[in-house]
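Engineer: sequence first, then the predicted structure, then my questions.
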There are 2 protein chains.
Amino acid sequence: MSPKALDPAVRTALVDAAARLLVEEGPNALTTRRLATEVGSSTMAVYTHFEGMDELRKALALEGFERLAGYLAGISTSEDTVEDMTALGGAYFFNALANSHLYRFMFMEPHDESDEIGLNTFQTMIEAVGRAIEAGRFDEADPEELATQLWIMMHGGVTLHMANCLTFDEALHMLETMALNLYVAFGDDREAAKASIERGRERIVEHLAAESERLGLEISIPG
Amino acid sequence: MSPKALDPAVRTALVDAAARLLVEEGPNALTTRRLATEVGSSTMAVYTHFEGMDELRKALALEGFERLAGYLAGISTSEDTVEDMTALGGAYFFNALANSHLYRFMFMEPHDESDEIGLNTFQTMIEAVGRAIEAGRFDEADPEELATQLWIMMHGGVTLHMANCLTFDEALHMLETMALNLYVAFGDDREAAKASIERGRERIVEHLAAESERLGLEISIPG
DNA sequence: ATGGAATGTATAACGCTGCTATGGCACACT
DNA sequence: AGTGTGCCATAGCAGCGTTATACATTCCAT
């Protein structure tokens, strides 16, 4: 009883075009008509594949979570668990800036429902904290509790930077300072934490340099 | 050469009506036509007293900063500087929730220009940190540096709660835990900080209870 | 006191938005 | 091969922010 199968390619094409429009021309370019002409269909496609623009925006938020997951997955684990954690934070930070409009949809858009989707992305951070606890760098504690603190810190720094309340340099510096404070509060040795943060930043810089070259982007990373 | 003076009452009426619409019916109710009928004028009023809806929204953000300043001003200083600081954080938190739509305009709306307005509100927090340093609770440091960390923490917790990523209780608990961690990192004694946070929360609860009774609101404050 | 210039405001319209009713058309199943 | 289901294009609706125009009001200069 399916006369014409719903083409999933159209759905992904819509999401892809929407994401592209978002990063290239900003949120104002994200309209049904524009989207329709972009994928070469009519505005009805939005309503057959989604319930409307709101649900498409939710799908876009999901796309944002997947990109974030991709960035986080690019961070390999090492014997320095705190360095890994710092690198994950850096990946979070740069993903938020690179896909800032998507980040908006993920966390800064007024949600009607409480979509708890994408929170398994957060699992990566919890696991990293767990490894640091196992390695003895952090005191015994609930990994989620510690990871949440780091998340609050990252999200706060990222969004205050987006709001022009902190410059890029300020945000980066404050986040590193806060990370040091929290790592120490979590049980790590101050000097060891400082060294791990330093190495974590170096790894992020390398990683991002490679990434930006791959994408042909131009990202300036201050000292 | 001023045939008809621009009535400032209309401007404030517009801002007041906009703020009321925002808190009572949400952002979707904030339209030029709705606003016009609300203040009993035509849509043109928005364009004579503002350049358009965007500038009106900026004025609304300013209104939000003033309300925040009012909340913060309601926190008196005591001999326990860390308790004061915690109470300020609580006031910040509850203001953000009570005027969440205004808070959105202040920090979560994509700004074209970098309005650095309202950052003198932040001065209150810097001064509170300065008092804690003078009192010897915190080590000698740049007060702004420490205050910024607390701000990042508060903003992160508030916005993650707004995004339904943290429940009210979770946000409150995490913020108190983080505050303790940061206070200790700033140089305070752990037990002293714990006691100050406890007293700060009690003060906020009292303050908010009085405030909510005055406004006839119903705010539930968990233990 | 009076004419004229300047300026806020109401009305109507424009282009845009998200969205929906309608109808045709391509497909899968019997 | 017939048939009906369901995707999609067209056209239209109500609403949005904004603007052009006409009117009314007010102040200054004479």
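Structural biologist: Sure, I can see it.

Engineer: what sits closest to the most centrally placed residue in chain A if chain neighbours are left out?
Structural biologist: Nearest residue to the geometric centre of chain A (Cα atoms, centre = their mean): A:Leu68, 3.7 Å. Closest residue to A:Leu68 apart from its sequence neighbours, by Cβ to Cβ, 6 or more residues apart in numbering or on different chains: A:Asn95 at 5.0 Å. C-betas here are computed from N, CA, C, even on glycine.

Engineer: report the separation between the one you found and A:Glu66.
Structural biologist: 11 Å (Cβ to Cβ, to the nearest Å).

Engineer: neighbour count winner among the two?
Structural biologist: Legend: neighbour count by other Cβ atoms under 10 Å in any protein chain shown for A:Asn95 and A:Glu66, higher for A:Asn95 (21 against 13).

Engineer: ok, now which ones touch the more buried one?
Structural biologist: Residues counted as contacts of A:Asn95 (Cβ atoms under 8 Å, 6 or more residues apart in numbering or on different chains) are A:67-68, A:71-72, A:103.

Engineer: longest helix of chain A?
Structural biologist: Longest helix in chain A by number of residues (criterion: DSSP state H): helix A:190-215.

Engineer: residues in contact with A:Ala29?
Structural biologist: Here A:Ala29 is in contact with A:21-22 (Cβ under 8 Å, 6+ apart).

Engineer: DNA strand C: which of the contacts of A:Asn95 is nearest?
Structural biologist: Set against DNA strand C, the nearest of the contacts of A:Asn95 by Cβ to the nearest atom of the strand is A:Tyr103 (19.8 Å).

Engineer: same for the helix or strand in which that closest one is found, what does it pack against?
Structural biologist: For A:Tyr103, the host element (DSSP states H and E) is helix A:100-107. For helix A:100-107, the packing partners by 3 or more Cβ pairs under 8 Å, 6 or more residues apart in numbering or on different chains; DSSP states H and E come out as helix A:8-25, helix A:53-73, helix A:143-162.

Engineer: tell me the angle of the helix or strand following it relative to helix A:143-162?
Structural biologist: Where DSSP H and E defines the elements, the next helix or strand beyond helix A:100-107 is helix A:121-134. In terms of direction (axes from the mean of the first three to the mean of the last three Cα atoms, to 10 degrees), helix A:121-134 departs from helix A:143-162 by 120 degrees.

Engineer: average pLDDT across helix A:121-134?
Structural biologist: Averaging pLDDT along helix A:121-134 gives 96.

Engineer: re the thing from before, most packed of the helices and strands packed on helix A:100-107?
Structural biologist: helix A:143-162 (a mean of 23; mean count of other Cβ atoms under 10 Å in any protein chain shown).

Engineer: tell me what that one is packed against?
Structural biologist: helix A:81-98, helix A:100-107, helix A:121-134, helix A:168-186, helix B:143-162, helix B:168-186.

Engineer: centre of the chain to the worst-scoring helix or strand of chain A on mean pLDDT, how far?
Structural biologist: Least confident helix or strand of chain A, by mean pLDDT, DSSP states H and E, is helix A:190-215 with a mean of 89. Once both centres are worked out by Cα atoms, centre = their mean, to the nearest Å, helix A:190-215 turns out to sit 16 Å from its chain's centre.

Engineer: before we move on, what about stretch A:87-96?
Structural biologist: 7 Å.

Engineer: quick one: mean pLDDT for it?
Structural biologist: Taken as a whole, stretch A:87-96 has an average pLDDT of 96.

Engineer: send me it as PDB with only the CA atoms.
Structural biologist: Output of stretch A:87-96 as PDB, limited to C-alpha atoms (Å, rounded to 0.1, in the frame of the first residue of the first chain):
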ATOM      1  CA  ALA A  87      41.300  18.300  23.800                       C
ATOM      2  CA  LEU A  88      37.600  17.200  23.800                       C
ATOM      3  CA  GLY A  89      36.700  20.600  25.300                       C
ATOM      4  CA  GLY A  90      38.700  22.300  22.600                       C
ATOM      5  CA  ALA A  91      36.800  20.300  19.900                       C
ATOM      6  CA  TYR A  92      33.600  21.300  21.600                       C
ATOM      7  CA  PHE A  93      34.600  24.900  21.500                       C
ATOM      8  CA  PHE A  94      35.700  25.000  17.900                       C
ATOM      9  CA  ASN A  95      32.700  23.000  16.700                       C
ATOM     10  CA  ALA A  96      30.400  25.500  18.300                       C
END
